[in-house]
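Participant: I'll drop the sequence and a predicted model, then ask my questions.
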Amino acid sequence: WQIILLLFAFWAMLKLENLIFYLLFALLFAVALNPLVAWFEDRGLKRGSALALVLIVVVGVLFSFVGVVGVSLYNTIISFTNDLPSYIESLRQYESLDNIIGDVPQSIENFNFQDLLSQGVTQGTSVISGFSRVFEATLFTFFFTIYMLLERDYLIRIVRRLAPKKWKPRFKDLQREFAEVVGGYIRGQLLVSFLVGLSSYIIFRLFNVPNASALAIIAGITDVIPVIGGLIGIIPAALVSLTISPLTAITVVVLMQTYPTLSNYLIRPKVFGKSLALSPFIVALSSTVGLMLFGIPGIILALPVAAMIGYVLTKYHNVPIMEE
């Protein structure tokens, strides 16, 4: 019977993979938002009212950000599209890039909008399907987050009842540490990503790099990806800066790399505290495992999960996963 139950559980996990991801992301958001809800509760609001107020603030800020960034990004994309042929031609002065560029300018000049429309019609189903999956993930995650915040005490009692007996005396400590590790990581990552985007924007404006807003947004968003996120954000900035001069490109790359280096020693320790005290090797390993198993969602979830596992192994099994 145990083997049958194990096989059934494995089959169910494969079938419910998307649901598991929705629940995990909802759990992360719920843990990150709970301190703000509790802050309003301490000031006399009931939990439902406090949650509603927090959601209004969060959704309002999110929509405002998306609106401002969306308009800026749209204008930047239009500007970049119009300037793309001149960018490519300016890169032809570097012989090493000539083979890579090839006939791109001619292809742009021969671009036929009717062909794009016909391709859009034939591929419209896949595009709509992709948007529907994103909408589905956002909707389910949003509502699961609300229910987890509303029924926090009830869900904690269920988990406590299901926990093995040897873990029950440590449950409160684990619960507190989980909130500190996961919540601190999410709040800290949002702040650090914003600072990365802001510093990148300042660098681009100082050197008159075209499409500074879009490049800064890319740098801030890709910073969420551990290990390789910084490199992904630097590549488009380097290519666009190269259209000005090699010296500008080198300077921009050096400055963009200098800020994360200083941040690792000065800003991140204060922002994250001990919420993510993992060694660089564990960070790289857990991120790679998450990417290989589950793609982009896996690499985002990898660090908070690794931090929790590392905390348990370090504190209760004397395995020094977490750094002092």
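Facilitator: On my side now, so go ahead.

Participant: so where's this structure shaky on pLDDT?
Facilitator: 1, 68-70, 72-73, 75-77, 79-81, 83-131, 227, 260-261, 263-277, 321-324 (pLDDT under 70).

Participant: in it, which residue is closest to the centre?
Facilitator: For the chain, the residue nearest the mean C-alpha position is Val224 (4.0 Å; C-alpha atoms, centre = their mean).

Participant: ok, which stretches of the stretch 1-150 of the chain are helices?
Facilitator: 2-15, 17-42, 47-91, 95-101, 104-109, 113-122, 124-150 (DSSP state H, counting those that start in this stretch).

Participant: Against Asn318, how distant is the residue nearest to the centre of the chain?
Facilitator: 32 Å (C-beta to C-beta, to the nearest Å). C-beta here means a position set from N, CA and C on the backbone, and glycine is covered the same way.

Participant: Also Ser200?
Facilitator: 42 Å.

Participant: and what of Gly310?
Facilitator: From Gly310 to Asn318 the distance is 13 Å (C-beta to C-beta).

Participant: State the distance from Pro226 to Phe40.
Facilitator: Pro226 is 32 Å from Phe40, where distance means C-beta to C-beta.

Participant: ok, now Tyr74?
Facilitator: 36 Å.

Participant: circling back: tell me the SS of the residue nearest to the centre of the chain?
Facilitator: coil (DSSP: H, G, I helix; E, B strand; the rest coil).

Participant: Now name the helix or strand holding the residue nearest to it when sequence neighbours are not counted.
Facilitator: Leaving aside its sequence neighbours, Val224 sits nearest to Ser193 (C-beta to C-beta, 6 or more residues apart in numbering; 5.7 Å). Using DSSP states H and E, Ser193 sits in helix 184-206.

Participant: And that helix, what's buried?
Facilitator: The neighbour-count check on helix 184-206 (16 or more other C-beta atoms under 10 Å) flags 184-189, 192-193, 195-197, 199-201, 203-204 as buried.

Participant: wait, is Arg238 part of a strand?
Facilitator: In this structure residue 238 is Ala, not Arg. No - under three-state DSSP, Ala238 falls outside any strand and is assigned helix.

Participant: need the contact list for it.
Facilitator: Ala238 sits next to 249, 252-253 when contact means C-beta atoms under 8 Å, 6 or more residues apart in numbering.

Participant: Name the nearest of these relative to Leu6.
Facilitator: Val253 (50.6 Å; C-beta to C-beta).

Participant: hang on, that closest one packs against Gly233?
Facilitator: No - Val253 is beyond contact range of Gly233, at 10.8 Å (criterion: C-beta atoms under 8 Å).

Participant: between those two, which one's more packed in?
Facilitator: Gly233 (25 against 17; other C-beta atoms under 10 Å).

Participant: Quick check: closest non-adjacent residue to the more buried one.
Facilitator: Leaving aside its sequence neighbours, Gly233 sits nearest to Ala219 (C-beta to C-beta, 6+ apart; 3.7 Å).

Participant: how much does the strand or helix carrying the one you found deviate in direction from helix 184-206?
Facilitator: Ala219 belongs to helix 212-222 when assigned by DSSP H and E. Helix 212-222 runs at 160 degrees relative to helix 184-206, counting by axes from the mean of the first three to the mean of the last three C-alpha atoms, to 10 degrees.

Participant: I'd like to know which elements helix 212-222 is packed against.
Facilitator: The helices and strands touching helix 212-222, judged by 3 or more C-beta pairs under 8 Å, 6 or more residues apart in numbering; DSSP states H and E, are helix 47-91, helix 184-206, helix 229-242.

Participant: just the angle between the last one and helix 212-222, please?
Facilitator: On the basis of the same axes, to 10 degrees, helix 229-242 is oriented at 160 degrees to helix 212-222.

Participant: Identify each buried residue in whichever helix or strand comes after helix 229-242, please.
Facilitator: Going down the chain from helix 229-242, the next helix or strand is helix 246-262, by DSSP H and E. Neighbour counts over helix 246-262 (16+ other C-beta under 10 Å) mark 248-249, 251-253, 255-256, 259-260 as buried.

Participant: ditto for stretch 168-185
Facilitator: For stretch 168-185, by 16+ other C-beta under 10 Å, it's 174, 177-185.
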